[in-house]
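[1] output the structure for:
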Amino acid sequence: MPFLRRRRPPDPSRQHDASASSAAGGGSSLLSDDNKKERPRRKQNEPRTPRKKWSCVDTCCWFIGFICSMWWFLLFLYNAMPASIPQYVTEAITGPLPDPPGVKLAKEGLEVKHPVVFVPGIVTCGLELWEGKQCAEGLFRKRLWGGTFGEVYKRPLCWVEHMSLDNETGLDPPGIRVRPVSGLVAADYFAAGYFVWAVLIANLARIGYEEKTMYMAAYDWRLSFQNTEVRDQSLSRIKSNIELMVATTGGKKVVVIPHSMGVLYFLHFMKWVEAPAPMGGGGGPGWCAKHIKAVMNIGGPFLGVPKAVAGLFSVEARDIAVARGFAPGVLDKDVFGLQTLLHLMRMTRTWDSTMSMIPKGGDTIWGGLDWSPEGGYICVSKRPKNNRTQAAGQTGMGHSDITRGVNYGRLISFGKDLAELHSSNFERIEFRDAVKGNTPANHCDIWTEYQEIGIGGIKAVADYKVYTAGSVLDLLHFVAPKLMARGDAHFSYGIADNLDDAKYEHYKYWSNPLETRLPDAPDMEIYSMYGVGIPTERAYVYKQTTYPVCSIPFQIDTSAKGGIDGSCLQDGVFSVNGDETVPVLSAGFMCAKGWRGKTRFNPSGIRTYIREYDHAPPANLLEGRGTQSGAHVDIMGNFALIEDIIRVAAGATGEDLGGDRVHSDIFKWSERIDLQL
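    Purely as a prediction, here's the structure:
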């Protein structure tokens with residue numbers, strides 16, 4: 001019939017394949033539709049192989065790999081992009097950028113006139129290895145300080161050993177020689193991307209300066225000032241380079257620009273260079289008048305800094321204390337063989353230069369138990385809207401025209417209550433004659449002088465309760481006698497009664513502006529240039545620790561906050577106006593009063609000027625560290641400061657700059673100090 005389909009004859013080849021399949025599988029020779037449907041069901045019913053779960057190690061490795069990959073990718077893009085793109089992006093967001101000072105002043109026609117000398121401060125100058133122990137193999141002439149700091153992570157204990165000085169002599173330990181890097185590269189950058197002098201050097205270059213008219217007076221900032229001459233002849237090198245620059249520029253005097261501790265170092269130099277040999281440089285009276293036009297001090301700790309006391313006493317400052325508060329005891333514990341703060345204390349207590357910044361002038365300058373020059377100063381979180389230059393006596397950041405406030409004269413108080421009580425409301429137990437001991441001196445692996453005073457001495461220190469600038473010296477002599485014995489041989493901290501006394505001819509007095517005279521150079525100018533408007537460490541609240549005797553027995557009490565002052569006490573630290581490191585009182589007093597006009601400290605009447613730079617943080621991340629910063633190191637990139645320096649180097653005087661520029665209460669505070677002038 002037509003509707004019946006004709007059956008196709010079976011394909012022999014297919015039958016053969018089916019038979020083979022049946023034989024191999026042991027089943028039916030034909031694969032029915034049911035068989036085809038059952039096969040995937042069997043797969044679904046089979047137990048699945050469990051996926052391997054990620055462990056914390058896998059996650060961490062992936063995360064680190066991702067971060068590293070992104071970092072290298074972004075670094076590649078940054079180096080591959082045209083140099084104009086970052087500036088284009090920045091201007092698109094913030095608007096047109098102002099010309100750098102060098103470009104601006106070059107357009108005004110300013111040119112090279114006076115050679116300039118840079119004097120770096122503590123820690124900002126690079127140090128390199130010239131001889132070391134076996135653990136420092138391969139580091140010849142590599143930077144141990146500055147640059148990448150790679151050796152800190154690779155071999156930390158070896159690094160500490162090589163960065164330490166001899167605890168008896170204050171010079172090189174046997175078999176180790178670490179020396180300052182020479183040239184402008186010694187302190188242009190502290191580490192990769194972190195400028196110190198680089199921005200100022202670049203702007204001076206824009207008006208024609210080059211290496212023959214700029215000199216970096218590099219020195220080993222760990223040594224006492226006189227020992228830099230004994231070991232390296234650093235002072236003689238400064239003298240000869242200045243003489244060379246003056247001779248090769250037609251008699252043009254130099255403009256010297258010291259920063260931070262370099263201010264004290266150059267103050268020492270000005271006395272050394274005119275003093276007779278062998279103690280001095282033999283330049284004779286009039287050397288400074290002949291060779292120096294101006295000394296433009298940046299962030300100068302003329303009268304010391306309270307931060308130095310905290311560093312020597314407990315190797316702390318606010319930042320370390322806060323980090324310690326987040327993880328109590330971690331920095332003291334023996335983690336991977338490293339007791340971090342103990343090693344840091346052992347190392348830094350061999351750096352004699354740190355003792356140059358202990359507060360000078362005692363209670364006369366810094367205040368006593370119940371008064372301080374900044375008394376009545378109240379910290380505020382918001383600035384006055386009028387942020388322009390103010391006349392002497394007006395209030396800058398904070399308010400000092402009321403009677404309440406912090407008594408900053410108590411540099412160290414054991415407990416917040418003792419920092420605020422009137423001295424008549426508490427009693428102190430004398431510590432100076434306390435019996436030391438009760439602890440074996442060799443009990444600890446890492447030696448600090450705290451093991452020598454023992455439990456009895458530690459208790460006596462805390463029982464004295466409150467320390468002013470005068471008694472702090474006795475405190476340091478008590479807890480670190482070997483350290484202070486070296487310090488007493490190189491530095492002084494008092495006020496001279498009679499500068500004609502022959503004892504003041506010794507070099508230990510030369511870096512203390514209250515115990516030495518400025519040179520006889522009436523045509524020279526001295527500037528004090530520093531930032532204001534940043535809370536700066538001025539006094540501390542301490543506590544006695546409960547850790548074993550091998551730990552540092554005293555800590556800043558980070559739980560102490562607030563009080564009668566409002567916001568001046570944070571994390572155990574009382575703050576006052578300054579540049580984050582140097583309080584206004586230390587940076588400005590000598591130029592505001594001590595050297596102002598003809599005084600016994602300035603007999604030739606060298607003109608002095610105060611130039612304050614009110615801090616303004618960067619508006620966004622694209623501005624980097626900011627062009628209006630007043631912070632202690634970041635101020636080196638402050639456009640207003642750089643412009644002032646370039647103008648003076650090009651021939652301007654302090655009067656041409658407009659004289660004093662003051663935002664703080666430095667003149668008011670200076671008048672409260674009863675100092676014979």
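
[2] for residue 243, grab phi and psi.
    The phi and psi values for residue 243, taken as degrees, to the nearest 10, are phi -60, psi -40.

[3] just give the nearest non-adjacent residue to it, would you?
    Leaving out its chain neighbours, the residue that sits closest to residue 243 by CB to CB, 6 or more residues apart in numbering is residue 291, at 6.7 Å. Where C-beta positions appear, they are placed from N, C-alpha and C, glycine not excepted.

[4] check residue 257 too.
    In this structure, residue 257 finds its nearest non-sequential neighbour in residue 296, 5.0 Å apart by CB to CB, 6+ apart.

[5] name the element the one you found belongs to?
    strand 292-298 (DSSP states H and E).

[6] which ones are touching the residue nearest to residue 243?
    Listed by CB atoms under 8 Å, 6 or more residues apart in numbering, the contact set of residue 291 reads 242-243, 246, 253-254.

[7] and which of those residues is nearest to residue 199?
    Checking those against residue 199 with CB to CB, the nearest one is residue 254 at 20.5 Å.

[8] quick check: that closest one touching residue 295?
    No. In this structure, residue 254 is not within contact of residue 295 by CB atoms under 8 Å, at 9.5 Å.

[9] compare these two (neighbour count), which wins?
    Legend: neighbour count by other CB atoms under 10 Å for residue 254 and residue 295, higher for residue 295 (27 against 23).

[10] who's that one bridged to?
    residue 256, residue 526 (DSSP bridges).

[11] re the thing from before, residue 643 versus the residue nearest to residue 257, what's the distance?
    Applying CB to CB, to the nearest Å, the value for residue 296 to residue 643 is 12 Å.

[12] what does residue 313 give?
    40 Å.

[13] ditto for residue 64
    According to CB to CB, residue 64 stands 45 Å off from residue 643.

[14] looking at the two, which is more packed in?
    Using other CB under 10 Å, the more surrounded residue of residue 64 and residue 643 is residue 643, with 18 against 10.

[15] who's in contact with the closest residue to that one other than its chain neighbours?
    Leaving aside its chain neighbours, residue 643 sits nearest to residue 101 (4.1 Å; criterion: CB to CB, 6+ apart). Residues near residue 101 by CB under 8 Å, 6+ apart: 203, 639, 642-643, 646.

[16] does residue 278 belong to a helix, a strand or coil?
    With DSSP: H, G, I helix; E, B strand; the rest coil as the basis, residue 278 sits in coil.

[17] can you get me a residue count around it?
    7.

[18] ok, it - contacts?
    Contacts of residue 278 (CB under 8 Å, 6+ apart): none.

[19] which stretches of the stretch 201-350 of the chain aren't confidently modelled?
    Across the stretch 201-350 of the chain, the ranges flagged by pLDDT under 70 are 319-339.

[20] now the strands for it?
    214-216, 254-258, 292-298 (DSSP state E, counting those that start in this stretch).

[21] and residue 74, helix, strand or coil?
    Secondary structure assignment for residue 74 (three-state DSSP): helix.

[22] could you verify my assumption that residue 253 touches residue 292?
    Yes. Using CB under 8 Å, residue 253 is in contact with residue 292, at 5.7 Å.

[23] who has more neighbours, the two?
    Taking neighbours as other CB under 10 Å, residue 253 and residue 292 compare with residue 292 leading, 25 against 22.

[24] pull the contacting residues for residue 273.
    Residue 273 sits next to 235, 239, 280-281, 283, 287-288 when contact means CB under 8 Å, 6+ apart.

[25] mind running it again at 10 Å?
    Residue 273 sits next to 235-236, 238-239, 242-243, 280-284, 287-288, 291-292, 519 when contact means CB atoms under 10 Å, 6 or more residues apart in numbering.

[26] A strand includes residue 537, no?
    Yes. Residue 537: assigned to a strand according to three-state DSSP.

[27] what bridges to it?
    Under DSSP bridges, the beta-bridge partners of residue 537 are residue 575.

[28] before we move on, back to that, and which of the contacts of residue 101 is nearest residue 259?
    Distances from residue 259 to the contacts of residue 101, taken by CB to CB, are shortest for residue 642, at 12.8 Å.

[29] what's the closest of the contacts of residue 291 to residue 653?
    Of all these, the one with the least separation from residue 653 (CB to CB) is residue 253, at 12.4 Å.

[30] looks like that closest one contacts residue 115 (just checking).
    Yes. With contacts counted by CB atoms under 10 Å, residue 253 reaches residue 115, the gap being 8.3 Å.

[31] on that earlier part again, can I get the contacts of residue 101 in TSV with distance to residue 124 and secondary structure?
    Putting the contacts of residue 101 into TSV (distance: CB to CB, whole Å; DSSP: H, G, I helix; E, B strand; the rest coil) gives the following:
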residue	distance to residue 124	secondary structure
203	18	helix
639	20	helix
642	17	helix
643	22	helix
646	21	helix
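
[32] buried subset of those residues, written for ChimeraX?
    Selecting the buried subset of those in ChimeraX, with 16 or more other CB atoms under 10 Å as the burial test, is done by:
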select :203,639,642,643,646
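
[33] hey, what's residue 609 bridged with?
    As assigned using DSSP bridges, the partners bridged with residue 609 are residue 527.

[34] contact partners for the spatially closest residue to residue 366 that is not a sequence neighbour?
    Among residues not flanking residue 366 along the chain, residue 469 sits closest, at 3.8 Å (CB to CB, 6+ apart). Applying CB under 10 Å, 6+ apart, we find residue 469 in contact with 303-304, 306, 309, 358-368, 372, 408-411, 493.

[35] from these, list the buried ones, please.
    303-304, 306, 309, 358-362, 364-368, 372, 408-411, 493.

[36] would you turn the strands of the stretch 201-350 of the chain into a markdown table with distance to residue 140?
    As requested, these are exported to a markdown table (distance: least, CB to CB, whole Å):
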| stretch | distance to residue 140 |
| --- | --- |
| strand 214-216 | 22 |
| strand 254-258 | 31 |
| strand 292-298 | 34 |
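
[37] closest to residue 481 out of these?
    Comparing the strands of the stretch 201-350 of the chain by CB to CB, strand 254-258 comes nearest, at 31.3 Å.

[38] packing partners for that closest one?
    Packing partners of strand 254-258 (3 or more CB pairs under 10 Å, 6 or more residues apart in numbering; DSSP states H and E): strand 116-119, strand 214-216, helix 234-248, helix 261-274, helix 287-291, strand 292-298, strand 525-532, helix 639-649.

[39] so it versus helix 234-248, what angle?
    Here the directions of strand 254-258 and helix 234-248 differ by 150 degrees (axes from the mean of the first three to the mean of the last three CA atoms, to 10 degrees).

[40] show me what counts as buried in strand 254-258.
    Within strand 254-258, the residues that count as buried by 16+ other CB under 10 Å are 254-258.

[41] quick one, strands of the stretch 351-500 of the chain?
    For the stretch 351-500 of the chain, applying DSSP E, counting those that start in this stretch gives strands covering 412-414, 466-467.
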